[in-house]
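>>> sequence-free structure coming up:
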């Protein structure tokens, strides 16, 4: 499969990279932690993330590993990579978790660690920080998955003269152990057929 069409699919019980299933024993959040330990393992901040950010982070790392991405050095950055993500429920999962910490006056324990993740675009920031990306980072909250709409916004990211590639995809989480994610890496000049490619991947994810 060509590099620009590599993809990763994650849901609560499945991890697929370019059609290959990755071995795992756990499901839900435990599966994400298992994949992190098996394939990444060098970003302890992972364990402080909400489910949306964990799913997006793991998917991005698996994708970059598959495509042979060379990570920027500690003091290096790139403005040539954009991150454009989509989802429906935004930060609902983290919002619900935070609400549970403040809803009972007799057991009131608001957690700043949870509150940090009550914005959906935090996942794009986590990925950009890890990858040292300084290009556009966007998270579009949409009513439903729409391949044409997604392809349009991804293409728009190339309207500048700087962006060479876009990390793009869908990441959604309704509950802590319920998530759906697909990521793909889109190169400038490889936009033809993108809508159909996105639709095919989403059909495989059943969203």
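Ah, there it is. If you're wondering where the values come from, they're calculated on a predicted model, not measured in any experiment.
>>> Go through the chain and flag its longest helix.
The longest helix of the chain (DSSP state H) is helix 51-67.
>>> Who's the closest spatial neighbour of the residue nearest the centre of the chain, skipping the chain neighbours?
For the chain, residue 56 is the residue whose C-alpha lies nearest the centre (C-alpha atoms, centre = their mean; 2.4 Å). In space, and not counting its chain neighbours, residue 56 is closest to residue 123: 4.0 Å by C-beta to C-beta, 6 or more residues apart in numbering. The way it works is simple: take the backbone N, C-alpha and C, and place the C-beta from them, glycine included.
>>> which residues does that neighbour contact?
Applying C-beta atoms under 8 Å, 6 or more residues apart in numbering, we find residue 123 in contact with 52-53, 55-57, 85, 139, 171.
>>> let's see it at 7 Å
By C-beta atoms under 7 Å, 6 or more residues apart in numbering, the contact set of residue 123 is 52-53, 56, 85, 139, 171.
>>> Can you report phi and psi for it?
When quoted as degrees, to the nearest 10, the phi and psi of residue 123 stand at phi -60, psi -40.
>>> picking that back up, got a markdown table for the contacts of residue 123, with pLDDT and distance to residue 116 too?
Converted to a markdown table, those look like this (pLDDT from 0 to 100; distance: C-beta to C-beta, whole Å):
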| residue | pLDDT | distance to residue 116 |
| --- | --- | --- |
| 52 | 95 | 12 |
| 53 | 95 | 10 |
| 56 | 97 | 15 |
| 85 | 98 | 18 |
| 139 | 97 | 15 |
| 171 | 97 | 17 |
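>>> Do a quick rundown of the strands in this protein.
With DSSP state E, the ranges of strands along the chain come out as 7-11, 14-17, 20-21, 81-87, 137-141, 165-175, 178-187.
>>> Just put the ones you listed in JSON lines and tack on distance to residue 74.
Listed next are these as JSON lines, based on distance: least, C-beta to C-beta, whole Å:
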{"stretch": "strand 7-11", "distance to residue 74": "25"}
{"stretch": "strand 14-17", "distance to residue 74": "27"}
{"stretch": "strand 20-21", "distance to residue 74": "31"}
{"stretch": "strand 81-87", "distance to residue 74": "17"}
{"stretch": "strand 137-141", "distance to residue 74": "20"}
{"stretch": "strand 165-175", "distance to residue 74": "20"}
{"stretch": "strand 178-187", "distance to residue 74": "23"}
